[in-house]
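> For reference, the sequence and a predicted model appear below.
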Amino acid sequence: MTQRKSSNRLIAAAVQLQPSDSIESNLSNTSKLIQDAVDQGAQLVVIPENFAHLGRSDFAAIGLSESQPQGLVRQFLSDQAAQHGIWLVAGTLPISDPKSSIKPYARCLLFDPQGNQSSSYDKIHLFNAELDKAEFGDEQQSAYRESDNFSSGAEVVVAQTDLCRLGMSVCYDLRFAELYRQLADRGAQIATVPSAFTAATGRDHWLLLLRARAVENQIFVIGANMVDRDHPRRALWGGSAIIDPWGNLLASLDDEPGVAVAEIDLDRIDEVRAKMPMAEHRKI
């Protein structure tokens, strides 16, 4: 049943998933965590980046199979949104243009409570990095070349829902403050950040960046991360969190799968901005 908003308050949830080697297991585990979030009243649910296919390398083939709404994972996501009557920020999927030879996009889909795709965002900033093995162990993956498998998006997306105006972003985007400034300037009240943040970087930067993006733009930020800190090669940080416009931690998780659920009062944005009107003070 569709949940209707009765005020400027809503209940949001960040899903934290531990990946498995099976798509079926990933979908089953995601379904259980979405159910848990809904049982706690969630109207807006955010699931992590690459939640279904982490660890796979055949992204081009996956992108073609998911290019149609009837793709396995896309249909699952639509069904979840409709079954629970929620707005679902559906992590990312590799999605290709069947008429193009370019690499797939890492696309975040937004589904409405009827299961319709309402909006989408193609990840703009791709994670190409060399990490220091000395920091976290010789066996851990240190080189990341996301651009080898994906095309970069170019469009800033703020989606209108019946709950809020939603600014869409993904994982590595979190390091680029100018994106979130554009989201806020376009009216975003909540920025969502589906992620698969590494443990090596997440330990020091994940929560810091979530809070910074919230404070500097005076908006709510929801970070939904994958978790697997003990994985021998590709450790993932977890730490999913919901942050308010003052940088307060409304709900969070540590290193276990689960859901972080919090009530969001959108009037808090106006309260914070009235006391400190940063947009009016901006000089550059």
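Received, thanks.
> burial of residue 189, as a residue count?
The tally of other residues near residue 189 (other Cβ atoms under 10 Å) stands at 24. Heads up, the C-betas are built off the backbone N, CA and C, glycines and all.
> what's the nearest residue to it once chain neighbours are set aside sitting at in phi/psi?
Excluding the flanking residues, the one nearest residue 189 by Cβ to Cβ, 6 or more residues apart in numbering is residue 164, at 4.6 Å. Here is the backbone geometry of residue 164 (degrees, to the nearest 10): phi -170, psi 180.
> Report the backbone C-alpha coordinates of the stretch of helix or strand residue 211 belongs to in CSV.
Residue 211 belongs to helix 199-217 when elements are defined using DSSP states H and E. Extracted in CSV, the C-alpha atoms of helix 199-217 (Å, rounded to 0.1, in the frame of the first residue of the first chain):
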residue,chain,number,x,y,z
ALA,A,199,37.6,-0.1,3.9
ALA,A,200,40.9,1.5,3.2
THR,A,201,39.4,4.8,2.4
GLY,A,202,36.1,4.5,4.3
ARG,A,203,37.9,4.2,7.7
ASP,A,204,39.2,7.8,7.4
HIS,A,205,36.9,9.5,4.9
TRP,A,206,33.4,8.0,4.7
LEU,A,207,31.6,9.6,7.6
LEU,A,208,33.7,12.7,7.4
LEU,A,209,32.6,13.3,3.8
LEU,A,210,28.9,12.5,4.5
ARG,A,211,28.9,15.1,7.3
ALA,A,212,30.8,17.7,5.2
ARG,A,213,28.4,17.5,2.3
ALA,A,214,25.4,17.8,4.7
VAL,A,215,26.9,20.8,6.7
GLU,A,216,28.2,22.8,3.7
ASN,A,217,24.9,22.5,1.8
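> Show me what counts as buried in that helix.
Of all the residues in helix 199-217, those buried under the rule 16 or more other Cβ atoms under 10 Å are 199-203, 205-207, 209-215, 217.
> which helices and strands does it pack with?
Packing partners of helix 199-217 (3 or more Cβ pairs under 8 Å, 6 or more residues apart in numbering; DSSP states H and E): helix 133-136, helix 177-185, strand 190-195, strand 220-225, strand 236-237, strand 241-243, strand 249-252.
> And the contacts of it?
With contacts defined as Cβ atoms under 8 Å, 6 or more residues apart in numbering, helix 199-217 is touched by 131, 135-136, 140, 174-175, 177, 180-181, 183-184, 188, 191, 193, 195, 197, 219-221, 223, 225, 229, 235-239, 241, 243-247, 249, 252, 278.
> returning to that earlier point: among the helices and strands packed on helix 199-217, which is nearest residue 97?
Closest of the helices and strands packed on helix 199-217 to residue 97 is strand 190-195, at 21.5 Å (criterion: Cβ to Cβ).
> now the helices for this structure?
Listed in chain order, the helices of the chain (DSSP state H) span 23-39, 59-65, 72-84, 133-136, 177-185, 199-217, 267-275, 278-281.
> Would you mind putting the helices and strands packed on helix 199-217 into a markdown table with mean neighbour count, mean pLDDT and distance to residue 64 alongside?
Below are the helices and strands packed on helix 199-217 laid out as a markdown table (neighbours: other Cβ atoms under 10 Å; pLDDT from 0 to 100; distance: least, Cβ to Cβ, whole Å):
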| stretch | mean neighbour count | mean pLDDT | distance to residue 64 |
| --- | --- | --- | --- |
| helix 133-136 | 13 | 62 | 35 |
| helix 177-185 | 18 | 98 | 28 |
| strand 190-195 | 30 | 99 | 22 |
| strand 220-225 | 29 | 98 | 26 |
| strand 236-237 | 26 | 96 | 27 |
| strand 241-243 | 26 | 98 | 34 |
| strand 249-252 | 17 | 98 | 37 |
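> Could you work out which of the ones you listed reaches nearest to residue 25?
Using Cβ to Cβ, the helices and strands packed on helix 199-217 put strand 236-237 closest to residue 25, at 16.0 Å.
> elements contacting that closest one?
Strand 236-237 is packed against helix 199-217, strand 227-228, with contacts defined by 3+ Cβ pairs under 8 Å, 6+ apart.
> could I get the ones you listed as a markdown table with distance to residue 72 and mean pLDDT?
Formatted as a markdown table, the helices and strands packed on strand 236-237 follow (distance: least, Cβ to Cβ, whole Å; pLDDT from 0 to 100):
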| stretch | distance to residue 72 | mean pLDDT |
| --- | --- | --- |
| helix 199-217 | 29 | 96 |
| strand 227-228 | 23 | 97 |
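> okay, the ones you listed in CSV with distance to residue 114 next?
Shown next, in CSV, are those (distance: least, Cβ to Cβ, whole Å):
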stretch, distance to residue 114
helix 199-217, 30
strand 227-228, 31
